[in-house]
Every structure is written in C-alpha cells, then in structure tokens.
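Colleague: Need a 3D model of the sequence below.
(2 chains)
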Amino acid sequence: EAQRKSLDEILVSVELKNLKIEEAFSRIEEITEFDFAYKRSDFDTRKRISLAVQNQPMTELLLGIARETGLQFKRIDETINVSRAFEQTNLVSELLAVVATASEVEVTGRVTDNGGNGLPGVNVLIKGTSTGTVTDFDGNYKLLAEDNATLVFSFVGYKTAEVAIGGRTSISVTLDDDIAALEEIVVVGYGEQKKVSVTNAVAQVNGEELTKRPVSSIQQSLQGQAAGLTVLDQGGSPGRTATTMRVRGITTLGNKNDALVIVDGVEQQLTNINPGDIESVSILKDAASTAIYGSRAANGVILITTKRAKEGKVTVDYSTYYALQNSVNNPKMDMPSYMKLQQVAYENAGLVVPQKFTDQGIDEYLRGNKTDPEKFPHVNEWYKVMLYAAPQFNHNLAVSGGSETFKARMSMRYMKQNSILDVPIDYGSNLRDVRVNSDFKASENLTFSTDLNYRSNYSLAPVNEANVFDRFIHGSLFATPKYEDGTYGLSTQGNNPLMFAEQQGTSKLWNENIFGSAKAQWKIVDHLTFSSQLAMRIDNIRRKDFTNAFSNTDKNTNITRTVVNNSLTEIRDNSTEYTWNNLLLYDNAFGNHEVKALLGYSTIDNAKDSLRAYRERFYNNDIQSIGQGADDGTKTNYGVNSQFGLRSYFSRVNYSYNDRYLLEMNARYDGSSRFTGSNQYSFFPSFSGGWRISEEDFMQGIVPLDEFKLRASWGKTGNQTVGLYSYYQSLFASAYTFNGVSVIGFQPTTISNRDITWETTTQTDIGFDAQVFGGFTVALDYYFKRTEGILLNLPIPATIGLGAPPQNAGVVDNKGVELQLGYRNAPDKALRYNTTLNISANRNNVVSLSGTGPYITGSDINPLTIIDEGLPINSQWGYKTDGLFQTQEEVDSYPNIGPNRGPGDVKYVDINNDGLINASDRVVIGKSFPDFVFALNGNVSYKNFELNLLLQGASGVDTRLAGGIAENGNNEGFVPEIVSKGNYWTSENTDARFPRPYKRDLLNMYTSDRMIIDGSYLRLKNVQLLYNLPDMLVTKMRMTRANVYVSATNLFTISKLNQWGLDPEVGNGRATYYPQVSLWTLGANIQF
Amino acid sequence: CQKDLLETVPDDRLSAESFWKTERDAVLAVNAVYPNCLDAGDRLFMFDAFTDIGHTNSFFSANAQVEQNVFDASNSVIATLWTELYQGIASANFVLDNLDKIPTADQALINRVRGEAKALRAYQYIKLATRFGDVPLVTKVLSIDEGKALERTSIDTIWDFIDDELSEAADLLPVSYAPADLGRVTKGAAFALQARANLYAGRYQAAADAAEKVIDLGVYQIYPEYGTLFSYSAEGNSEVILDRQYVKSVLPNNIFGTMAPYGQLGRDGANTYVPTKALADMYTMANGKEIAEASSGFDATMPYDNRDPRLRFTLYVPGDIMPNGQVFNSLPNSGTADAVGGTFFATTTGFTLRKYVNSEDAANPTNNGINVILIRYAEVVLTYAEARIELGLIDETTVNAINEVRQRGDVNLPAIALGTSQTELRDIVRRERAVELAFEGLRLNDIRRWGIGEQVIPGAVGGIDYVEEGEVKTYVVPSFQKQFNPSRDYLWPIPYTERVLSPNLSQNPNW
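Modeller: Next up is the predicted model:
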C-alpha cells in the first residue's frame, strides 16, 4: 500500500474483444487490484467494445475505453469511479491518499443529504491543504488525516460543512441544501453583487426562463416573470409589435414611462436583443438600485447581460421551433339577429325600414344567402375569411468556447414570422441577427473584451394596415369578400378589408441595428480595478410605403372604389449613439469588514437625422423607386436633425459587517444638453441598508429560517425625456402662395422655457427576503414614490397665440406592494418541482397639476379619460347610469340627455341635480391601470420530462370599447352576437342588458358606466412540455444534451371580454389593430 | 472628451435671436401671417353649416353639436376657433413688435409689411367680435403671465380699434401689387374689411363710407358669370378683393374631396357639409318672385327649375350632372351611392355643394388648387346698399347697387325698382346676401346682427323635395333638431379652459 503507484506507472496487458462495458470492467478487475464503481444508467449496457494493450500504462487503457464509451474515470485509491463525460478533457484522473504518518488516522464515513441519500462526488478536503478525496456513489469516503485536522465537505447546491476530526475515525455528515447558492450573483448597475448582500429591490430573471416561451420579442417573454414589472402585450403585426413595459406603475404624464434598458453596460433597445443571447435580466425597481443611472432612471432600469464563452471545449447549441399563430381576437356576428336588430333600430328612430330589413326582406335575404352567397353575402365574416394559422419559425445557433487567453461566443438567429392575414402577399417579418462576444486575457492584470451585434429585421405589411383591421369592424357589412372572377364585393361605404389587404399597397420596413463595444479591464493593484468601455450603436430605419392605384367595382351593386394615383412615401431615420463608461472599482475585506466602492464617469453622445420623401403617379404599381414618380409640385421632402449629450459622474459604496449589516450609498451627478444654464446638472443620491437577521446568534436554531434579510432604501432619480431644444426660442417655417408661387414664412409657434429641468422621483422602499424550511422563499416590498416637477405642457391661455412650453409642474404618487413567493423541493429527487407566484399592486394618484386641469381627452362617443388631482392617471370618465327607462312617464319625468328619448333608452344620472344631463354630470367610472397584476410560474420535472406553466393576469382594470363593436348597429358597424342575440331592450325584453337600438343616434352610447367592461383576466399564458432525450441516445448521437418540446401560449383566458371575442389586453378603443396571437409550438434544443 | 457635449445647437431650425436683420426678414415674417388669418374653404363651409342654410353631415361630429346649439363652454370646436384666431393675432404681433428693429433702407417696404400685418390682425378681430362679443385685445406678443391677467375689452372698443387699424393699414398699403405679390392685402381689401366691420358693428355711415372708398378705387367690378366665378378660369378676376390662395400639387386644398357628391368620389370623407332646403327655398324664381308667391309659377313637382340661376350654380340638386358625367340622384331608394338614408357618407339632405366643386379636380379629388374668395366686390356693393337702406338713404345708387349684383350677366334677375319701401328693400338685400354669398362663411354673422336666430335656426333640417307615388315629399334629416336660445346663442361662450387659465375673463350671458 505504501508504494502505491500512479496509473501511469501501472503497466497492463489485456485483450478486450467485443465485450460489453460491464464485462470489460470485470476483466480489468480480474487482472488488476482495481474495482470499478459505476451506475449502469451512465452507459449503454448493450454497447460492445474491443481494445487491446500490451504492457502499457493503465492510463492508456482507461483512455481508450473512455473514448469508445463517452465515460470518464477517476481513480481514488483502489477504486475507479466511472461517470459520464461532459468534457473531453481530463477523462482519466486520480486522487491518491497520502501515506499515513504517525499522527495520521484513516477516517471513513458517509455524506448524505437531508433525505438520508448518499451523495456521490462530494469533495472532502483537509482544511488548509489541497489534500482530500471524493465520495463514491453511495456517498462513502475514506482518507488519511492528522487527528486534529478539520474536514471540509463541499458540493454544488449544498451548504459547505466543516467538521473537526477530534481523534475520531468515522465521521458521517449531512449536507443541507443551499438554494440561495443556485442564483447567488445578482447583476446590478455597473456591477454585480451576491444576492445575500443586496439591499435594494431587484428582481432577476435568468435567460433560460425567457426562452421557454417562443415569442417574437423579449418584452413578451418578460411578461409575468417578475413582481413589479407590468408588460402589456397589445399585438401588432410581425416586426412591428406593440408592447409597453412599466416598472412600478407610471410616474409621469404622457408617454415617457418606459424603463431604461441597459444591455452590457450600454443603453439599447430591448427589441434588438436576441432572447437566446441573454444570460440574465435584472429589473431594478427602487431608487437605491436605479439612482446610479440618475436622470434616466425614474421609471426603473432593466439590465441585461448577454452570454459569454466559458473556458474549455467548444460547445455548439442549436435550437429551433416551428409555431402556428392564431388570432386571439375573433368577434362573431350573427346575421339573422343582426338584421332584426336593424329593423328595430329603424323603427325606433321613426325611420322607414329599408326593404332589406323588413320581415320579408330578411327572409328573402337569408334564403338568398344560402343559395347565392355572392349575391346575398354574409353580413360580416372577415375574421373567418381573412385570418389563418400563420407559421413562425426560428433557428438559433450558438458556438462558444476558448482557452484561458481567448474565449468567444458567436450566435446567429433567423426568425421568420408570417402575418395572420390570409392573402397571397407574403406579409410578415424576417429577422436575422449575429452576435460575437469575445474575451482576451493579455495578462493576469489586463483583459479585453469586444462585442458586436448586428440585427436586421425586414417586415412587410399592408400600407395603412390600420385601415385593413379597422374595416374588419367598420363600414364593411354585406360585402362579398371576393367574387369568383377575382373582383371584390364592396359595402355601401365602398369598403372591403380583403381588397385593402390585397390591393391597397405595401409597407416595407427595414430595421437595422449595429452595436459594437470594446472594453478593457486593468487590475492596477490588488483590490483596485479600472475599466473603460467605448460603445457605438447605430439604428437605421428604412421604410417604403407604396399606395397602389386601383379601382374595383362591385359587380352586383356598381359601387366603385378608386384610388386614382399611386404614391410612395420613403423614410430614412438614422441615429448614432456613442457611450463611454469608465469605472474604478475597489473591493476589499478586513476581518469582518467588507468594503466595495465604485467611481464612474460616462458620456453619451447622440445624433439623429431623418429624411422623408414623397412622390406620386408612378408608371404602374410595380415601379417603386422614388425617382420614378411625377417630378412636379406634388413631390415633397422633409428632414430634421437633432443631437443630445449626457455627461455623468457617479459613485457607489457598499459596506458590510460580518455579512450581517449591509449598507449602500449611490450618487450620480448628471448633466444633460436638454437643459441650459444652471439647470443643466442635477444630483441623484440614494441610500439603502440591510440586516441579515438570520445570521444573528440569537436566531440560530429558533425557527427554521435559513435566510432572513430586512431591507430599506431611499433615493432620488430623474426623468429627462423632454423634447429637445425646449429652452431655445426657434422660428418655424410655413408655406403660403402668392399668385401661384409658393413663399416661405417664419414665425414662432411655441414659447420657449429656459427654466426647464428634470422631473425628480423620490422613492422609499421597505422589504425583506426570506428563505424558510429549506425550499420556501418570500420577498415582500412596499414602496412609495413621488414624482415632482413633472414636465407638463401646462396649458397656457390661447390668447398668447403660441404653443405651451413644457414646464416643471405636477406631482404624481405611486405606492404599491410586491410579493414574490417561491418553493423548490430538494434537487436530488426524481420528481422535482418549483413554483413562483408574484403579485404586484400599484396605486397611482395625481397629487397636483399646479392649479391646471383637469385634462380630459376623448369625447362622449369615444373613450373619455381624465387626469385630475386626486385621481389615478387617465381614469375612465363619463356618466353614471341608472338602468334603462321603462315607461314614457319615466322618460318625461327625468332629465334627458337629448331629444327623442323613450323607453329602452339609457337613464343617465343627473349628478348635480340641475335638471340637465351634460358634461358637468360626468364622474369617474373606471380605471385604466390594473390594481393587481399577478403571475404563477410552475415547473415540474420527472425523469426526462419537464412541464412548465405560466398563468398570468390582472384585476381591477376597465376597458371602454368604442366604434362599431360598441354601438349597437347605429351606423354600419360590426354588432357582436352578444348584443344582437336578444340582449337589447324591446317592450317584450325589458330587463335586457343593452338599450334599445336606435338608428343614426348615439345618445345611448355615450361614455358611461354601462360602456365600461371589467378588463380583469386570468390566462394560461404558456404551457410547455419538454422531453430530455435519454443520455444513451444523446451520447450515441455525439451530443451532450438534447430535448424536444411542445408548447402553447394563450391557451385559455378567463375574461369578460371573451363575450366580445376580444383579447383582454386590448385597452380602450375601437379594437381595430392587428390582433394578439396564440401560438402552438414544436421545438428542439440540441447541444454538441 | 468633448467640451461642447452639452451645448447642442440645433441646425434644423432658426433662432428668433438671429432674425430681424433685413427687410427680407420682415417679408418672411408677414408671409407666415397669411395662412394663419385667411380662412380655408372648409372653415367657411362650416360656418354656414351652423346656420339655417347648411348642415353638418356627420351627425355625431362635434360640429353637429354646435350646429344644434347643444353644447357648453367646453366644446372643442369653439375652443379651436378661439385658439386659431389668437394664433393669427400672435403671428401679426410678432411682425409689428419687431419691424422697428430692422435697420431700414427701404421704408416703403417696411410700411407695406406693417399695413399687411395690421389689416390681417384687424380681420381676426372682426371674426372674434362677431363670434364672442367682448374679447381680450392683444396687440403685442405676450408672456404667459400677461396672458393670464387678460380681461375682456368691450366690443365697442374692439370695433373702434378695428376701424382705426384698417384706416391706418389702408394708408400704408398699395392699390395693387406686382405679379409676384398678387394675393397680398391691398388698400381695397383694407377698406372692404372696414366696410364689413362697420356694417357688423351697426355703424352704417362708416360702413357706407368705407364701401364707397372701395367702389371709388375703380379697380373692382362684378364678374359677368356667377357660374364660373368660383372656378379656375375666374381666379384673380377683378371682383376678387381678398382670397386664400392655393396651388394644386404645391399647396393644395381638399374642397372637391370633402364636398363633391359621394357618388362622384367613392371615398370616405365626402360631403362634410351639405346645403339645406332653407337655402334652396330662398332662391326666387327666375322672374324674381319668391316661390311662395301665388303667381310665381313655382311647380313643386319640378322644384328646382326656372329658378334664380344661382341656385344650380351653388347646389347640386337631383338630376344634375356630376363632374364624372353621371347623374346626381340623391332620391331615397334611388339605389345610387348618393341616396339619402343610405350610408352616412352620402348627403343627408339630398343636396350637395357645387360652388368651388370644379370638374378639373375630378381626376385628383384631394389635390385642388382653387382659390377661396374671402372678400369680393359683390359683398362690398351689397354692404353699401344695406348700410344706405338702414340709414334711410334710399336712392338710385342704393337700388343700383343691389341690381348690379342681381343683374350679373348669367344671373340677370329683374331689376329692383326705385320706390320700393325700406322694409321691402331690407328683405331684398338680406335675401341677396344669403343667396349670393351662400357657403362663403358670412351667413352666421348676418343672422346674429339681424337678430333672426330664433326665427330661422330651430327645428328639423329640411332636405330635397321630390315626388314619390305622385305625392310631393320633403326629405327631413332624421333624429336631428337644431335649437336656438335667443338669450344665449347670439354669442358663443368664452372657452371653459380659457377662463380657468385667465381668471379675469368674464363669460357671455347664460353660458
């Protein structure tokens, strides 16, 4: 034993001829002193190998077997442990116990988990040395150590245990799960922190979660992933999707509530990032975490880190999916009940009922519709005729690897998404992107990295696409979609959405983004590092909207729709932004004190220019080059340029004592070119602290509390998104003509405001993070934020004759609670599951409008919203109602909103009792933003199967539909089944939900509580079933990992808007946009 | 490290500080006043749709509420009109405040620019006074605080101001311009505005005097053809005193696209405003007799035949030929796109406007170059006549003035005889103004100053007369009732938000 030889020194001769692997091991055991320890599931038991060695080192023999079988060997004394090889290096290794000295004892024992199961592969080290061993498959170990030494047991996913030998020869330990360790590091502004020492409200989502749902944008995949982040997905045609993202409510009035998105240290657009390239996403929510981004951080910050290569063998990841997209919006119209409703509507209005809608006319029409649908077209079946299950497919390839000195990861994506419009034109988008992230290590102290990202998205949509979807609902009734001869039917208004989709022309949109970054990191001395990053971002938009000339006559009715002139509008928008970040980092620990500090300087320099041109009367619709249109007075062009700059100084200090008491301070001093004089710079400080109560001695053993940290923070952030040059009194050009010749005129149009400065948001946050009973995690936050000096174009008297400048006025409060609950069972079980529930509640309140307001937008027949002091931003505004009038006496004895009121009409409430129903009777009738948003994420895995579920929803939000779909057939709009099928008032149906239909009169449809629909919903946003291919098969195919999955998004939804056939995320309005889609997906991920 | 990173200076716009250096700047600044102050065609039509002679075709538009007089001080149409008027005033004030900064070499040019700005500003005040009564008098560029402190100035002071300013402008302005400047305000235009203002103010002597000055200039005359007066061939003729100028494909308007019959256009947005039965009935027979007169010869089965020719020069009535050669047939159940009661884009009265709807624009309906006449000699002549009638100065010049308009070449109605009573002449001149100037945006002011709102406005809106199954019927716009409250509706309200922002502004009665 004392002369134990290494594997290289042991020479063997053996011939293995067509033996199964187990037989081969037995054969070697026969001729050597070694025993093999293996799990049969690690290899293909039927596989046969042949190998012969003659007087060669044992190492060679094992290597030979390893190469044939994909296994690796680790010798520990006389045992050879066999396991599956994940890397091609180090296939054969050994660990030899040192020969016992006088004071050494042989210690044996077993390492188990909480469930008593032996843990294989646990490192057992003698503290203070590099000597040790590894447990075998049953968790047993054996080593020699000084009898007064301490053993350290460590294993990924478990808490490290230290045990003093104290003369014992048998020591068995149980290792506790360490769930925190699985997501130990959190990315924060300009750096990362251990999760346990974070004192701010930060939510982190790892990249894997994002790619589970095969959606076309990251915004969509972030939906439901983090408390405090509200993502509203409102559809949009491929390549032009519309999603809004809000972190903790909205802080300002207008449309400047988007979170700042920082990708690898540089502000970028979220849409430009390939979800497959994302390592992690951090959502910084409180001021303490965002203040380091100062003037741009008032609406939260989303930090994205992209994947980088790890040292070692080159890995290749390929993933792909094929999905079918189906419209979620599918309102239905019922023809017989609609025609009857029209008859009633004409009668109620005292009008002659058109022949078509008389009883006889309806009968004839319905019969005609069955026999000759071209002549008697269906009332409206555009949703059925024009939409189909459109394919979407995606390929993603990533290659990654490198050496200690050079590592690189390269990825490519191609995604094609077809439009759900079922027309012969290839509407949809084609997305390509490439990313290369490289890291160089010049020396121990100096590293460089360069990143490049190129993305190109080309999309083709109908020109004026809104018109196509508008005409699904409005003014397109009783039109044959297409006659057999290829011509189109037209409604009385001359519309046909199919004709518009096919003939109106196309909009081509190219979105190109180039991002490049170079970064150097220099470790000046121990604990002190300097880094500098220079990045450039170029965004180019090219767009060609070509409107066709065409003419179509409905052959049955002779109604004609003509577009006389074709025309082309061409747009070029170009934006270039340079970012320069410089950081000096200090990191040190003295005894129980740990200090980290950061000093930074950065600049952003942005220039934009845009150009647009128009010409008309091209030779035909195929000549689509701007130079080919009429070269006369109809051609126009237009352009603007702008620039802005941002210069910032910032710093952060973290201090922790004994890993128990945590403090952090941030400060940023920002200067912006949007302001002038002394308003150019502003200071944004923040403070936060944490107390890990669970580390205190008095907490030990009291409760099953593995981790409990109290956090509190306070800070200020800003919002600088005011129009450029607001402080600059400029003159604008206008045009007029004298005697046929155009002249230019100059005039001021807006008052300038030299005093303009930042909006400031002050936020306080209190919360805790806890982990109990091993697997449960809880995070709870309460926050209060107040935004002051909101940049408002406060109305000024019109008598001034100029537009209002933005002024710092207005105060808005947001307060809310965020709760995140998680549970994960022990990772070693065959059945593993984890689940996360997050709930966010936010209350928004306009505190001050500086004595102005209220600002009411909309009109009686459209959604009305109000911004007023004491109300949430954009509250729904309108009349209260008190049912429907049932008798003429009731009508006569009550104030009426207008003439010709009768039984069955809406009874609006005269709030101010002045005997009139008018604007002064309007009150708040609903909310535009939800009280709660919530999501439940669950993952279950059993053996090779994994199931992921995401339920997501919102409550306490209201929608006001408008236009045809809401107006009971007043004009020529879509009337949903829910209205026409017996749900409107007649003298026989007096407790009907909807008022009596009344032709050419909208008084019953004025914005009131009757028109408000509860927009709460709960939907199964995503379900995915994934199957990991068996290792055996994977190995055989020379892969390291492979899985296939099926998934479905928006599988079912519980919502009141289902009655209308509409998606709950539609929002107020006419519901006339490209619908949100659900996806059925088949996909695969493979790694080599 | 860029020193000027935060000192960005825009290169796509002009700074106010670097302006006002040469006379050229004065001309460039006054050029911008024109489009602000000269009403576009759709504005004129809209104003007539607020009276008995016109109708807003979309019953649900905000304009329809104003037409019916069912609105309050927060109405968006009123607020927009108010805002636009003061925008024009601000652009004129920007010129007048700064003209003296220019080191002058060409005083004549500076004087002319001053005259243009003053006349255009006065034009805005005429519109403000007739619509709102007492209004804030703003004569310089205001700061926000000055705007908030404004009070209303009495309408008499406003009329005085207008009169003085126009006298001053007339002194500064030339009688005519070189071709490149045709379309700028002339001396004649200043006098014509002065005549209009004084007529509206009830200052008849001043109105007659100013009108006489226009007549005495000797450069204006009645154009012989009413039928082509509003067409391209007559642009810039000697009846035109001031117009809003357009050039097809350069600075076009969309009159054809919004006013031509829907059946002609086959597109959304047609027939924004339509004429009414009240207007059609006002045209006399060709023999000069009113249709209600027993011996007029009016045949209800052919209601639009043998009438004052201006009827069919102004309106499309069923049976007229549209620019595309097809017959305009708006009869109910006619099955054409124009049938009343069909789609809501089609006319709701059965009439559509013909004035300014020119066949040259049919090929390109939204790109029209037709100039819109704002002041023409016929109005000045009628002003002269009306002022003298009111003054009791009824003589040959008075009657001849009316006849000059009635007997235009292609109109040629019988002359009004000398010796007609003042009351009769008053009725005649009022009817002449209504039919001669229909859809030129003047009717609302006339109704207000004559005090006839409650007589002519309330009630349902009448459309075409037609024969169905042997019976003469009148089409009536469904579910539409105009109201008129004489204690309120002779003035519009000061917009609600204006009174919030400028708390010293009082409100008109009963608003």
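Colleague: Can you list the low-confidence ranges for chain B?
Modeller: B:1-2, B:266-269 (pLDDT under 70).
Colleague: tell me what the strand ranked longest in it is packed against?
Modeller: The residue-count maximum for a strand in chain B (DSSP state E) belongs to strand B:471-482. The contact analysis (3 or more C-beta pairs under 8 Å, 6 or more residues apart in numbering or on different chains; DSSP states H and E) places strand B:471-482 against helix B:62-68, strand B:459-468. Bear in mind the C-beta positions are built from the backbone N, C-alpha and C, glycine included.
Colleague: Format those as JSON lines; extra columns: mean neighbour count and distance to A:Thr857.
Modeller: Formatted as JSON lines, the helices and strands packed on strand B:471-482 follow (neighbours: other C-beta atoms under 10 Å in any protein chain shown; distance: least, C-beta to C-beta, whole Å):
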{"stretch": "helix B:62-68", "mean neighbour count": "21", "distance to A:Thr857": "13"}
{"stretch": "strand B:459-468", "mean neighbour count": "19", "distance to A:Thr857": "30"}
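Colleague: Throw those into JSON lines and include distance to chain A, thanks.
Modeller: What follows is these, written out as JSON lines (distance: least, C-beta to the nearest C-beta, whole Å):
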{"stretch": "helix B:62-68", "distance to chain A": "7"}
{"stretch": "strand B:459-468", "distance to chain A": "10"}
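Colleague: what sits against the spatially most central residue of chain B?
Modeller: Geometric centre of chain B, nearest residue: B:Gly441, 2.5 Å, by C-alpha atoms, centre = their mean. B:Gly441 sits next to B:39, B:43-45, B:47-48 when contact means C-beta atoms under 8 Å, 6 or more residues apart in numbering or on different chains.
Colleague: Distance check, it against B:Asp42.
Modeller: Using C-beta to C-beta, to the nearest Å, B:Gly441 is found at 10 Å from B:Asp42.
Colleague: ok so, going back, what is the nearest of the contacts of B:Gly441 to chain A?
Modeller: B:Asp39 (13.5 Å; C-beta to the nearest C-beta).
Colleague: Give me the neighbour count for the residue of chain B found nearest chain A.
Modeller: Closest to chain A within chain B is B:Ala90: 2.4 Å, counting by C-beta to the nearest C-beta. Counted with other C-beta atoms under 10 Å in any protein chain shown, residues neighbouring B:Ala90 total 25.
Colleague: Count the neighbours of the nearest residue to B:Gly202 once chain neighbours are set aside for me.
Modeller: The shortest distance from B:Gly202 to any non-neighbouring residue, by C-beta to C-beta, 6 or more residues apart in numbering or on different chains, is to B:Arg449 (7.0 Å). The tally of other residues near B:Arg449 (other C-beta under 10 Å) stands at 14.
Colleague: swap in B:Gln107?
Modeller: 9.
Colleague: where's it relative to A:Phe590, distance?
Modeller: For B:Gln107, the distance to A:Phe590 - C-beta to C-beta - is 84 Å.
Colleague: can you check A:Thr243 too?
Modeller: A:Thr243 is 48 Å from A:Phe590, by C-beta to C-beta.
Colleague: So which of those two has more stuff around it?
Modeller: A:Thr243 (20 against 7).
Colleague: Determine the three-state secondary structure at the closest residue to the more buried one other than its chain neighbours.
Modeller: Leaving aside its sequence neighbours, A:Thr243 sits nearest to A:Gln219 (C-beta to C-beta, 6+ apart; 3.9 Å). Under the three-state scheme (DSSP: H, G, I helix; E, B strand; the rest coil), A:Gln219 adopts helix.
Colleague: How about the contacts made by the residue of chain B closest to chain A?
Modeller: By C-beta under 8 Å, 6+ apart, the neighbours of B:Ala90 are A:800-802, B:138, B:141-142.
Colleague: Of these, which pair is most distant in space?
Modeller: Maximum pairwise distance in the contacts of B:Ala90, criterion C-beta to C-beta, is 11.5 Å, between A:Leu802 and B:Val138.
Colleague: Most neighbours out of the contacts of B:Ala90, which is it?
Modeller: Neighbour max across these (other C-beta under 10 Å) = A:Gly801, 29 neighbours.
Colleague: In its sheet, which strands sit next to the helix or strand hosting A:Lys17, and in what direction?
Modeller: A:Lys17 belongs to strand A:11-20 when assigned by DSSP states H and E. The pairing partners recorded for strand A:11-20 under DSSP bridges are strand A:48-57 (antiparallel).
Colleague: buried ones in the partner strand?
Modeller: A:49, A:51, A:53, A:57 (16 or more other C-beta atoms under 10 Å in any protein chain shown).
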